[in-house]
Structure formats: structure tokens, C-alpha cells
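# okay, predicted coordinates and the sequence, questions at the end:
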Number of protein chains: 2
Amino acid sequence: MPRQIAERDDVIPALAEVFRTHGYDGASLALITQATGLGKGSLYHFFPGGKEEMAAAVLAQIEGWFATKVFEPLRESDPTRAIPAMFDAVDAYFHSGGRVCLVGVFALSDTRDRYFTEVRRYFATWIETLASALEKHGHEHPAARDLAEEIVGGIQGGLVLARAADQPQLFTRTLTRLRSRAESG
Amino acid sequence: MPRQIAERDDVIPALAEVFRTHGYDGASLALITQATGLGKGSLYHFFPGGKEEMAAAVLAQIEGWFATKVFEPLRESDPTRAIPAMFDAVDAYFHSGGRVCLVGVFALSDTRDRYFTEVRRYFATWIETLASALEKHGHEHPAARDLAEEIVGGIQGGLVLARAADQPQLFTRTLTRLRSRAESG
DNA sequence: GTCTATACAGTGATAGAC
DNA sequence: GTCTATCACTGTATAGAC
């Protein structure tokens, strides 16, 4: 049986881009149909729950990406390699400051309440996983958790500043600073 | 002549709260009339430009607050007193992590484009003013600017994390860390 | 599965009485 | 200055043809 031309997962990147750029409320179905190239009929066929289900699917995809590309390597690999690899992955994911964090966008508005479980888990997992890796890398126990919070928070703040000034290199600079701070264990 | 019961400036805090909580697109006139206690007639009397002018007035109010309470003290006072005072003011302003930064919220979505001048200036002024104060306080020239970026970005990131986890103390912890980093000049 | 047509609640905004 | 009534429009969502 021939593979369908459009699968549900194929439209998720376009959906993510719309939610990232316009936020949940700003992401109108008009923008979504335009970005995905699908009519409302097709969209509601894939996502019977409408916009709410679309955003949930995007969050699940993001969680899966970070689980595979960031969290698992941090847990399993040698932290001396895994921690720099995390910064590389993050730099690539956020397009070196040219793209913001959808979970961060959702976190700041009342959209957080609609996806509270997912939003909280995203940051909590990131911080906890990174803290463990930093500890294995030689940082002291309470300080490692604090440093992990500083790094994850610093990444979010760097994205805010980079987009506010429309200067992606502000994010790159932030990453460099945080990277060296993680090294000095 | 008796002072009017409702002045334009009196409704700005309520407006700010709505935009902060729901974002620009999520801040409907229904929410705004509810939060301000004013009908649409009164709102459009004060803000003929509608929502766009309301948000602009809020941004102007915020800019004024920071100019008076943060930027000017940083420029004029002894940095040894002004820098800790900045952290105190920021802690109070953001309700110790219980309130997010409206300019940060706007920066992350396409609302930034509508208020690009104001958004960019807010962070640029903050970073530049803080960098000068840090230099006067003993930090080296290029490092002071870098540290100022780290502090302002760290504050924004701390607000994101605190709201994502619904744990304001995450912001307080961030402030403490940044505070001590500014001291070690 | 994808489209067009449509329902209908909610949007920002305006007009006019008081 | 504040209200109510109302505007034109866009919002999400649904129904049904193909």
C-alpha cells in the first residue's frame, strides 16, 4: 500500500513554526493553513481536537527531540563529551539564536496553564539531567544543580535578548559563556 | 476643578497586567474591560488608537519606571550602592518571580515587530547602563559588558523558568546568583 | 483524505444617547 | 466621560460533496 502523501507528522514542523512565531493565540487557522498547505478539512482530519491538539502534538514532538538528542546523551555518554555535545545540539536547534523556544513562549503567557504538565516537565527534565551530568563531570552536589539552572535559564534569557535586539549573535555569545562555565568543573 | 475619577494613567497598571498575563493577541477587549472596569467607550476615549495604543502606553509606562528606578540610579549613584539597589528594585518589580516581564513576552512573539523600537531600547539601555556601572565598580571593560548581558539575560531566563515551574523561588535563586557575580568585581 | 461552504461565537472598533 | 447598541470582520469548528 502506497505511503500517503501527507502524514500527520509531516505537518508538525510547519505547525511548530507558526506557534513559535505567533504564540498560541496569535496562531490563527488562517496562518496554519497557509504554513502547512493543508485545508481545514485535512487539518481537522489529522487533529480532531483542533488547535489545542495541534499544539499538544508540537510539544510532544519537541519533547521527543530533546529526549533523543539531549537528555539521553547526557545520561548515557561520558559527560566530558556529552555536555559540549548538548551545547552544539542547542545551538543548532535554536538556529544560533535565530529561533526562539516554543516552550519558553508558552511558559510566559497563560498558555502555560493549558500545557502545564508538558511545560514544567520540559525544563525540569533538562535541569535535572544536566545537573547529574555536571556532577559526574566533577561539580559538587548542590552547586551542580545550581549551575544547571543557570545554564538552562541562561539559554532562555539569551533567546529573549537575541530576539529583542534582532541580533542572534547575542545568543551565541551566551552559549559560549555558559559552555566555559560548565567546563570549569 | 475636581480631579476626574478615572485618569488615563490610572488604568495603565490594569492594562499592563492583562498584556503581561495573556500576551498581545490574547489580551481581548473583553478581558481589558473586565480588568479596568471601564467600558469600551471610555477605553476608546482614552486610547483612540485602540489596543495598539494601549500596549504602547503600557510600554511607555514601563520604560519610565525603569528609567527612574533603575537606569538613573545606575548612572548617578555610587555603583557599590546602585548595583545592589538595582537587584532590589528588580526583585520587587517582578514580585520575586511571581510576575513576568511584559517586554520579554512581547520580544518572543511577532508582537516584537510592532514595538521593535521600544523592545530593543529597553534591553539595550539596561545592558549599557549596567555595563557602565559595573565598569565603575571595578570590572574590566570588555568583561563588564559581557557580565551585564549575562545579568539581564539571566533575569529574563529566571522569569521563564520560575513561571514554567510555577516556582517563584527559582527566580529569587537566580537573582542571588547574579547579585554575587556582580559583586565579585 | 482533501476540498468548499457554512455556522456562529467572539473580535476590534464605531456611533450616538445621556 | 461613560454607557449601550451595533458594525464589519475574523476566529474556530463543523458538515458534506467528491
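Cool, the structure landed. Residues are numbered from 1 along each chain as shown, chains lettered A, B, ... in the order given.
# distance of A:His45 from A:Arg8?
Look at A:His45 and A:Arg8: by CB to CB, to the nearest Å, they are 9 Å apart. For every residue, glycine as well, the C-beta is placed using N, CA and C.
# I should have written A:Ile32 there, sorry.
14 Å.
# who has more neighbours out of these two?
Higher neighbour count among A:Ile32 and A:Arg8: A:Ile32, with 22 against 11, using other CB atoms under 10 Å in any protein chain shown.
# hmm, who's touching stretch A:44-51?
Identification of contacts with stretch A:44-51 by CB atoms under 8 Å, 6 or more residues apart in numbering or on different chains yields A:8, A:11, A:24, A:27, A:29, A:32, A:38, A:53-54, A:56-57.
# if we check DNA strand D, which of these are in contact?
Among those, the residues lying close to DNA strand D (CB under 7 Å from any atom of the strand) are A:27, A:29.
# show the buried residues in the contacts of stretch A:44-51.
A:11, A:24, A:27, A:32, A:38, A:54, A:57 (16 or more other CB atoms under 10 Å in any protein chain shown).
# show me which of those is closest to chain B.
Taking CB to the nearest CB as the measure, A:Tyr24 is the one of those closest to chain B, at 7.7 Å.
# grab the nearest non-local neighbour of the closest one.
A:Thr111 (4.2 Å; CB to CB, 6 or more residues apart in numbering or on different chains).
# would you check that the one you found makes contact with A:Phe19?
No: using CB atoms under 8 Å, A:Thr111 makes no contact with A:Phe19, being 9.1 Å away.
# the more surrounded of those two?
Between A:Thr111 and A:Phe19, A:Phe19 has the larger neighbour count (other CB under 10 Å), namely 24 against 21.
# and the helix or strand that contains that one, which residues are buried?
A:Phe19 is part of helix A:12-26 when elements are defined by DSSP states H and E. For helix A:12-26, the neighbour count (16+ other CB under 10 Å) marks A:12, A:15-26 as buried.
# before we move on, what about stretch A:108-127?
Buried-residue list, stretch A:108-127, by 16+ other CB under 10 Å: A:108-109, A:111-112, A:115, A:118-123, A:125-127.
# what's the answer for stretch A:29-36, then?
A:32-33, A:35-36.
# give me the contact list for it.
Stretch A:29-36 has contacts (CB under 8 Å, 6+ apart) with A:11, A:14-15, A:17-18, A:22, A:39-40, A:43, A:51, A:54.
# quick check, A:Lys123 in contact with B:Ala162.
Not Lys; residue A:123 is Phe. No: look at A:Phe123 against B:Ala162 with CB under 8 Å: they stay out of range, at 10.0 Å.
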